[in-house]
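[1] below: sequence and its predicted model.
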Amino acid sequence: MTQPWKNGGGVTHEIAREESDGALLWRLSIAEVTSDGPFSSFPGLARILTVIEGAGLHLHTPEGRIDALPLAPVGFCGDTPVDCKRIAGAVHDFNVIYNPARLSARVGRPATGITDCLQGPGRFYACLALSTGVSVDGVTVPRCGLAEFDHGRVQCPAGVAALLVRFAPPL
């Protein structure tokens, strides 16, 4: 689902989400960043942002600058005031927004070859294929497609980009 940013400054393509008791538990989305400006605020939530296309972003916060560079996840509080400056041109970024009181999240690149995603209490995963060749338990994930699962094997050939999100009980 495509929707305008909460602050009206751009668009987000929501890929998946879960709510619990009428409140957001987690959301995965891809944002189109075509201009500089403030980020939307998500009070009480946490955010992990990963640049998936473009040169990157300089995120200016009261605590200092965060450099969001290609395929290098950065995390921060959802209510942190952020002013974004694009490094060079438009950017697409993958966002994981979640309730840290209810779960923890990590984003990383799966290893070349096979990554085992183990089953555990409250643990689940999402794999975003950024190019062709990624599969989960032998099922190909299309480019820009998402696989959600509670355990399995992610296969990622050399030179193929993907992002793996791991959700678990809060730390």
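    Everything's here; your move. Numbering: from 1, shown residues only.

[2] low-confidence stretches in the chain?
    6-9 (pLDDT under 70).

[3] domain map for it?
    As given by automatic domain parsing, the domain ranges for the chain are 2-98, 104-168.

[4] as JSON lines, the ones you listed with mean neighbour count would be great.
    Where you see a C-beta, it was placed from the backbone N, CA and C, and this is true even at glycine. Compiled in JSON lines, the domains of the chain are given as follows (neighbours: other CB atoms under 10 Å):
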{"stretch": "domain 2-98", "mean neighbour count": "16"}
{"stretch": "domain 104-168", "mean neighbour count": "17"}
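
[5] for Thr12, list each beta-bridge partner.
    Gln3, Ala31 (DSSP bridges).

[6] what residues are up against the nearest residue in space to Tyr98 that is not next to it in sequence?
    Setting aside the residues directly before and after it, Tyr98 is nearest to Trp26 in space (CB to CB, 6 or more residues apart in numbering), at 4.1 Å. By CB atoms under 8 Å, 6 or more residues apart in numbering, the residues touching Trp26 are Arg17, Glu18, Val96, Ile97, Tyr98, Asn99, Leu103, Ala105, Phe167.

[7] closest to Trp5 out of these?
    Nearest to Trp5 among the contacts of Trp26: Ile97, at 12.1 Å, using CB to CB.

[8] what helices or strands is the helix or strand His58 falls within leaning on?
    Using DSSP states H and E, His58 sits within strand 57-61. If you count contacts as 3 or more CB pairs under 8 Å, 6 or more residues apart in numbering; DSSP states H and E, strand 57-61 packs onto strand 46-53, strand 64-68, strand 74-77, strand 83-86.

[9] given that strand, what are its sheet partners and their directions?
    strand 64-68 (antiparallel), strand 83-86 (antiparallel).

[10] quick one: it to strand 46-53, angle?
    Here the directions of strand 57-61 and strand 46-53 differ by 160 degrees (axes from the mean of the first three to the mean of the last three CA atoms, to 10 degrees).

[11] hmm, who's touching strand 57-61?
    33, 39, 49, 51, 65-68, 74, 76, 80-87, 91, 93.

[12] so which strand or helix has the residue nearest to Tyr98?
    Assessed by DSSP H and E, Trp26 sits inside strand 23-33.

[13] starting at the chain centroid, how far to that strand?
    In this view, strand 23-33 has its centroid 8 Å away from the chain centroid, taken as CA atoms, centre = their mean, to the nearest Å.

[14] relative to strand 64-68, how tilted is it?
    Orientation of strand 23-33 against strand 64-68 (the same axes, to 10 degrees) gives an angle of 70 degrees.
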